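Colleague: Have a look; sequence and predicted model below, questions after that.
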Amino acid sequence: SNAEKNKPNFFHSSGKKNSGIFFIDCYFNKRITLVILEHGIILWSMLFDQITLQHKSFQFRVRNNVLKSGDVSDHLLNLCPFISAALEVLANSVFQADGLSHIDDLIFLPMHNINSRFPRKLLQFLFYRQWSALRQYAQNNNIGIIGDIPIYVALDSADVWKEPEMFQLDSNYVPEEVSGVPPDYFNQDGQLWGNPLYAWDKMKADNYSWWKRRIGYASKLYDMIRFDHFRGLESYYAIPFGEKTARKGRWVKGPGRSFTDEMNRAFPSIHFNAEDLGYMSQEVKDLLAASNWPGMNILMFAFDPREDGEEKPEEFIENSVCYTGTHDNTTLLGWLESLPDEILNSLKAYFNSEDPKVLAEKIIQEGERSKSFLMVVPIQDWLGMGKEARINTPGTSSGNWQWRLRSMDLLKSLAPRIKKTIGDRAQ
């Protein structure tokens, strides 16, 4: 038929022609058509001038401002590698398409009622477009966003699927060794993360192009990138695949300065923040200094005598970021309330206060007075919240990342204090 002849090549598939057609009605008399093709391609009728639905065939005319080959990032293409060519219709211009933002939230509820994994791609589409608008709003108000890059990726990720040669996998794509950290004072079994390890020699030979794509994409989302587990660039801990704990691992040399030098050369305008927590050998300290990336100072660690070698706030250098705690810690108040009596009483005497909430405020003030060029205070610590507002507990698989700030009213009384704090540091 003429419809068959007019179909773009990316509709031709080795499998069945289509997996389903869903119609979702919204409350304002607009009908949204989702065409779910094989492998999860999602087309919006609102993005096209015309879609004619026929038996196992489609005829449509793509709007000229949508079809822009090459506008879509490699990251989105990798999500649907079998039909990546088709995703080129989702150009960047679509993410800012007029007339769509008001329907986003109305899509989420009906989407959950569809028994299909394919609509997740649509949720990602909506999320990235919303994120782009949010970041633009922040930039217009002189606010920067710090984003995190975990050093490792999951075995079942698009990254490993597309380029398995960049990872330490055997001929059956099974990891030879996996990631983790060795046993320490707090955990006798260590931490078995289980991520596949990088084939750093192959990555170096390729001039770290995989990493350049990853960081390049992150730079479109964030203004500053926190590089997780920086010490893994100097030496990483490798655990034989199949082990139940991290006890039998070994240290292996990482890419070192060749990696940080190349990232600095490739991304001169990107601001990095090295997560340099944990065991810091002299080699790791030397690598951090050579990279010129600011490291992290954690106030909870600085005031905990059990953390050997931690610098006090008055010793923080300017090229560093001061945090009250990280996403892996409880809140500042929760930490104070969990301390042994001996340590807590010492802090009460040092700050001349018996009230844990006052102690938390004074610790924040110590960070404010430090030389660190940037200070990060989680909103839970500004609000004086306890352990109920904790974000994440390492080594657990449930109950994490669930805390929400339900009302902005809580922040109104804090605004003058936060504004004064920012003003004092700027001076």
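Modeller: Structure received.
Colleague: just for the chain, where's the confidence low?
Modeller: 1-123, 186, 395, 421-427 (pLDDT under 70).
Colleague: which one's the longest helix in this protein?
Modeller: Secondary structure of the chain per DSSP state H: the longest helix is helix 119-140.
Colleague: okay, that one in PDB with CA atoms only?
Modeller: Taking Å, rounded to 0.1, in the frame of the first residue of the first chain, the C-alpha atoms of helix 119-140 are listed here in PDB:
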ATOM      1  CA  PRO A 119       5.700   3.900  29.200                       C
ATOM      2  CA  ARG A 120       8.800   4.300  31.400                       C
ATOM      3  CA  LYS A 121      10.500   5.800  28.400                       C
ATOM      4  CA  LEU A 122       7.800   8.400  28.300                       C
ATOM      5  CA  LEU A 123       8.300   9.200  31.900                       C
ATOM      6  CA  GLN A 124      12.000   9.800  31.200                       C
ATOM      7  CA  PHE A 125      11.100  12.000  28.300                       C
ATOM      8  CA  LEU A 126       8.800  14.100  30.500                       C
ATOM      9  CA  PHE A 127      11.400  14.200  33.300                       C
ATOM     10  CA  TYR A 128      14.200  15.400  31.200                       C
ATOM     11  CA  ARG A 129      12.100  18.200  29.700                       C
ATOM     12  CA  GLN A 130      10.900  19.300  33.200                       C
ATOM     13  CA  TRP A 131      14.500  19.100  34.400                       C
ATOM     14  CA  SER A 132      15.700  21.400  31.600                       C
ATOM     15  CA  ALA A 133      13.000  23.900  32.500                       C
ATOM     16  CA  LEU A 134      14.000  23.700  36.200                       C
ATOM     17  CA  ARG A 135      17.700  24.200  35.500                       C
ATOM     18  CA  GLN A 136      17.000  27.200  33.200                       C
ATOM     19  CA  TYR A 137      14.900  28.700  35.900                       C
ATOM     20  CA  ALA A 138      17.700  28.200  38.400                       C
ATOM     21  CA  GLN A 139      20.300  29.700  36.100                       C
ATOM     22  CA  ASN A 140      18.100  32.700  35.500                       C
END
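Colleague: Check which helices and strands that helix sits against.
Modeller: strand 31-37, strand 42-44, helix 74-79, helix 92-95, helix 104-112 (3 or more Cβ pairs under 8 Å, 6 or more residues apart in numbering; DSSP states H and E). Where you see a C-beta, it was placed from the backbone N, CA and C, and this is true even at glycine.
Colleague: 7 Å instead, please
Modeller: Under the contact definition 3 or more Cβ pairs under 7 Å, 6 or more residues apart in numbering; DSSP states H and E, helix 119-140 sits against helix 92-95, helix 104-112.
Colleague: Quick one: end-to-end length of stretch 372-389, please.
Modeller: End-to-end distance of stretch 372-389 (Cα to Cα, to the nearest Å): 26 Å.
Colleague: Are we agreed that Asp148 is in a strand?
Modeller: Yes - under DSSP: H, G, I helix; E, B strand; the rest coil, Asp148 falls within a strand.
Colleague: A strand includes Asn195, no?
Modeller: Yes - per three-state DSSP, Asn195 lies within a strand segment.
Colleague: wouldn't it be in contact with Ala154 here?
Modeller: Yes - contact between Asn195 and Ala154 holds when scored by Cβ atoms under 7 Å: they sit 6.5 Å apart.
Colleague: Which residue of these two possesses the greater neighbour count?
Modeller: Regarding Asn195 and Ala154, a neighbour count based on other Cβ atoms under 10 Å identifies Asn195 as having more, with 19 against 12.
Colleague: List the contacts of Gly232.
Modeller: Contact analysis of Gly232 by Cβ atoms under 7 Å, 6 or more residues apart in numbering lists Ile151, Gly254.
Colleague: hang on, Lys248 packs against Pro240?
Modeller: Yes - assessed by Cβ under 7 Å, Lys248 is found in contact with Pro240 at 6.2 Å.
Colleague: Check the secondary structure at Met296 for me.
Modeller: strand.
Colleague: Just list whatever residues bridge to it.
Modeller: When assigned by DSSP bridges, Met296 has beta-bridge partners Val321.
Colleague: what's the distance between it and Leu411?
Modeller: Distance, Met296 to Leu411, using Cβ to Cβ, to the nearest Å: 25 Å.
Colleague: which of these two has more neighbours?
Modeller: Neighbour count, other Cβ under 10 Å: between Met296 and Leu411, Met296 has more, with 19 against 13.
Colleague: separation between the more buried one and Thr396?
Modeller: Using Cβ to Cβ, we find Met296 at a distance of 23 Å from Thr396.
Colleague: Please apply the same query to Ala389.
Modeller: In this view, Ala389 and Thr396 are 16 Å apart by Cβ to Cβ.
Colleague: For Glu318, which non-adjacent residue is closest in space?
Modeller: Excluding its sequence neighbours, the residue lying closest to Glu318 (Cβ to Cβ, 6 or more residues apart in numbering) is Lys371, at 4.7 Å.
Colleague: Repeat that for Met263.
Modeller: What sits nearest to Met263 in space, not counting adjacent residues and going by Cβ to Cβ, 6+ apart, is Ile215, at 6.6 Å.
Colleague: name the element that neighbour belongs to?
Modeller: For Ile215, the enclosing helix or strand under DSSP states H and E is helix 209-218.
Colleague: Next, the buried residues of that helix.
Modeller: Applying a neighbour-count criterion of 16 or more other Cβ atoms under 10 Å, one finds Trp210, Trp211, Arg213, Arg214, Ile215, Ala218 buried in helix 209-218.
Colleague: now do stretch 393-406
Modeller: Trp403.
Colleague: Just the endpoints, please. Distance across it?
Modeller: Using Cα to Cα, the end-to-end distance of stretch 393-406 comes to 21 Å.
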